[in-house]
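Chemist: Test case, fold it:
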Amino acid sequence: MTDFYPTHITHAQEPPAVVYVGRVHEVEFKIEPEDLGMGVQDVVNILVDGIRLQELVREVEMPLAQAEGNPELAGDYAGLLADLGILWPSRHFLGEPVMAVDGRTYLLGCVCGWPDCGPLAAQIEVDPTTVLWSGWRGRWDLPNLGTFIFDRENYQDSLQRLARS
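Modeler: Numbers count the residues shown, from 1 in each chain. Reported below is the predicted structural model:
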């Protein structure tokens, strides 16, 4: 048996930029007062194309909740408590989560205020130009919620504005 030693090393070219097919969404992170099980607290709510994330999730979860006889659970989430270390310069919403489950970042929490009680979470992938949310999990797996694509610059600007509000 002979050992193989390369006589020269070739370097692979940089991979081409990833091109995502689909609609690029607008995102807005907002601090709002919300009445939780522990009283009124400042929470981070997320709007996608001007619609609260809870509303978008409600549409997808409703058939699942109705099948279980609990339609009131569909979209029944609250914003994450603003004082949990998720505000800029935290990279929580940029793929380095403060709170996560199974590799998914918490985006919303339970209406009781306790983030680990029934969170809505998604996988967040970040590259130089885009941020993607996919792999949704709330009370149910939510593949029908799809993939949300955001322009990285606009996304990060919204996070930075949140810190100044």
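
Chemist: Could you list the low-pLDDT ranges of the protein?
Modeler: Applying pLDDT under 70 to the chain picks out residues 1-21, 164-165.

Chemist: need the strands for it, in chain order.
Modeler: 24-25, 27-36, 39-48, 51-52, 77-78, 80-81, 100-101, 104-110, 120-126, 130-137, 148-151 (DSSP state E).

Chemist: if we compare the ones you listed, which one ends up closest to L159?
Modeler: L159 lies closest, by C-beta to C-beta, to one member of the strands of the chain: strand 27-36, at 5.8 Å. Every residue, glycine included, has its C-beta placed from N, CA and C.

Chemist: packing partners for that closest one?
Modeler: strand 39-48, helix 152-164 (3 or more C-beta pairs under 8 Å, 6 or more residues apart in numbering; DSSP states H and E).

Chemist: which one of the strands of the chain is the most hemmed in?
Modeler: strand 77-78 (a mean of 25; mean count of other C-beta atoms under 10 Å).

Chemist: mind listing what that strand pairs with, with the direction of each?
Modeler: Using DSSP bridges, the strands paired with strand 77-78 are strand 104-110 (antiparallel).

Chemist: picking that back up, what about the strands of the chain, which gets the closest to A163?
Modeler: Once the strands of the chain are compared by C-beta to C-beta, strand 27-36 is nearest, at 9.4 Å.

Chemist: The closest one pairs with which strands?
Modeler: Strand 27-36 is paired, per DSSP bridges, with strand 39-48 (antiparallel).

Chemist: Mind giving me the packing neighbours of the longest helix belonging to the chain?
Modeler: Longest helix of the chain, by residue count under DSSP state H: helix 53-67. Applying 3+ C-beta pairs under 8 Å, 6+ apart, we find helix 53-67 packed against strand 39-48, strand 77-78, strand 104-110.
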